[in-house]
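Trainee: just coords:
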């Protein structure tokens with residue numbers, strides 16, 4: 001981060017933008033029975049339903065990187081780290097980097113990683129500002145128990161530094 005950082009206008013001052021800028025949030029393979037061809041017959045075989053679980057992200061750090069012209073420009077970044085909680089207990093971490101791909105109206109490419117005891121999974125989205133009340137972010141892969149992860153994460157702001165995640169995980 002350079003000395004120009006302070007000159008960047010903070011378009012993330014609204015709780016919705018600040019909360020959603022980290023993820024993007026955002027992937028739409030809907031949980032439920034998906035049909036795939038069977039190897040031994042023409043009859044479709046149902047995949048297991050998506051595992052759905054809730055996480056709460058509480059921001060522990062955030063910062064901006066101003067890489068081009070002073071102020072917001074293409075390539076500037078917003079970086080956020082959150083502790084993840086399930087039923088009030090800390091269970092992992094989430095970090096995301098959102099890069100401006102357009103300034104007006106603002107568009108950001110957001111990439112994030114969720115680290116839980118069972119492994120990690122990644123998610124990405126293209127976030128347009130002002131952001132919607134909730135954003136679905138695509139799960140793009142993972143490791144450990146999540147090595148075949150697909151699905152989506154619905155992210156909803158819950159204040160200036162907290163977000164609620166509903167994970168729809170297909171493995």
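Mentor: Arrived safely. Keep in mind that what you see is a predicted model, and the values were worked out from it rather than measured.
Trainee: quick one: least confident helix or strand in this protein?
Mentor: Taking mean pLDDT, DSSP states H and E as the measure, the chain has strand 35-36 as its least confident helix or strand, at a mean of 34.
Trainee: and the helices in the chain?
Mentor: Counting by DSSP state H, the chain has these helices, from start to end: 15-20.
Trainee: just the strands in it please.
Mentor: Counting by DSSP state E, one finds strands in the chain at the ranges 35-36, 45-46, 51-65, 77-86, 89-102, 107-116, 119-128, 135-142, 150-157, 162-170.
Trainee: pull out the buried residues from the last one.
Mentor: Right, the one you point to is strand 162-170. Of the residues in strand 162-170, 162, 163, 165, 167, 168, 169, 170 count as buried by neighbour count, 16 or more other Cβ atoms under 10 Å. The C-beta positions use only the backbone N, C-alpha and C, and glycine is treated the same way.
Trainee: got it, and the third one?
Mentor: Of the residues in strand 51-65, 55, 56, 57, 59, 62, 64, 65 count as buried by neighbour count, 16+ other Cβ under 10 Å.
Trainee: what sits against residue 156?
Mentor: Neighbouring residues of residue 156 by Cβ atoms under 8 Å, 6 or more residues apart in numbering: 19, 133, 134, 163, 164, 166.
Trainee: return the member of these nearest to residue 44.
Mentor: The closest of the contacts of residue 156 to residue 44 turns out to be residue 166 (Cβ to Cβ; 27.4 Å).
Trainee: look up the residues forming beta bridges with that closest one.
Mentor: According to DSSP bridges, residue 54, residue 154 are recorded as the beta-bridge partners of residue 166.
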